[in-house]
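1. Everything below, folded, please.
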Amino acid sequence: MEKEKVLITGVAGFIGSYVASRFLQDGYAVVGVDDLSNGRVENIPAGLDFIQGDLAQISTISKIPCDCRKVLHLAGQSSGEISFDDPVADLEKNVVSTLNLIRYGIENKVECMVYASSMSVYGAVENEAISESHACKPLSCYGVGKHAAEGYLRVYQGKLPFVALRMFNVYGPGQDMRNLRQGMVSIYLAQALKSGRIEVKGSTDRFRDFIYIDDVVEAWFRAATYPSAIGQTLNVGTGVKTTVETLLGQVCQLVPESTYFVQGATPGDQSGIFADTTALRSCLGLPSFTPLEVGLKKFVDWARL
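-> Numbering: from 1, shown residues only. Got it, this is the predicted structure:
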């Protein structure tokens, strides 16, 4: 029997490579796309058909086979801080690429498109678990682009079913520790291991919802394969509120002799946010999530290899 074919974008990146591996293990045929601007060739799982190119360019879209039944769109610029450097480039990476894939999906009668959105769409929020119905007032160009891409998916949902996954702070082995402008856990861990001095941009009272990569992969797989997910916008977080101070304490415990200092702030940064996971649990049936201390230990062990 012919394998069902799925398209996974951002396949050379941290999350995209993991998601691709999961679909390959489950017997799917995978077509992967990445422009390698941030992703690394060595991340690309063996056994998939790889296309190198920028999805904001029609020339890249034209190379994608027309028989992909699902589209999992994880490619894009993923840093709120970097989005201020060149907002137009951020728009192309996160919005134009999505519009091009929507056109591809409609023309080829794709069953569904799963989109990598972000907690950044919410902006400044109250000190409480944030549900998907909360008003979206993004603070960064990145957040604006992610929210806009969601809007286009809703406009075309009659022709292309979709699922939007608003991801919170993903971390774990395989994360790019060279990039010190994206990924709070990886930034702090990279500094701790390299110099023992962690630069913290912003108050240690800030709080986040840190979710381990394995839990994120499971959410993506279920979102793409569960009919109940169609049309849903889901937070992908743990529902656990963790302060930056708590995170730093755990990092310093796992990397003895490391210390931290607070200096400056990050433009467009949220002071605090954590997810209401009611919809995620009920829709995808996720029973539990990896505790931060467990996931962080695995991350540190991997980073020391």
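2. pLDDT (mean, whole number) over stretch 251-263?
-> Per-residue pLDDT values across stretch 251-263 average out to 94.
3. For it, buried residues please.
-> V251, C252, L254, V255, S258, Y260 (16 or more other CB atoms under 10 Å). Glycine gets a C-beta too; all of them are placed from N, C-alpha and C.
4. Now for the closest residue in space to the second one that isn't next to it in sequence: which residues touch it?
-> Take C252 and drop its neighbours on the chain: the residue closest to it by CB to CB, 6 or more residues apart in numbering is S258, 5.0 Å away. Taking CB atoms under 8 Å, 6 or more residues apart in numbering as the contact definition, S258 lies against Q191, A192, L193, G196, R197, I198, V251, C252.
5. Distance of S258 relative to V95?
-> Distance check for S258 against V95: by CB to CB, to the nearest Å, it reads 39 Å.
6. quick revisit: of all the buried residues of stretch 251-263, which two lie farthest apart?
-> L254 and Y260 (13.3 Å; CB to CB).
7. Closest one to G76 out of the contacts of S258, please.
-> Q191 (25.1 Å).
8. Wait, that closest one touches E199, no?
-> Yes: using CB atoms under 8 Å, Q191 makes contact with E199 at a distance of 6.4 Å.
9. Compare neighbour counts for these two and give me the winner.
-> Shown here are Q191 and E199; by other CB atoms under 10 Å, Q191 has more neighbours (20 against 14).
10. separation between that one and L74?
-> Note on Q191: its distance to L74, by CB to CB, is 26 Å.
11. try S203
-> 30 Å.
12. okay, the two: which has more neighbours?
-> Between S203 and L74, counted using other CB under 10 Å, L74 has the larger neighbour count: 26 against 15.
13. Surely the more buried one and G10 touch.
-> Yes: at 3.7 Å, L74 counts as touching G10 under the criterion of CB under 8 Å.
14. shared neighbours, those two?
-> Counting by CB under 8 Å, 6+ apart, the common neighbours of L74 and G10 are G16, A116.
15. show me what contacts the nearest residue to L296 once chain neighbours are set aside?
-> Spatial nearest neighbour of L296, excluding adjacent residues (CB to CB, 6+ apart): Q250 at 5.6 Å. Residues in contact with Q250 (CB under 8 Å, 6+ apart) are L292, E293, L296.
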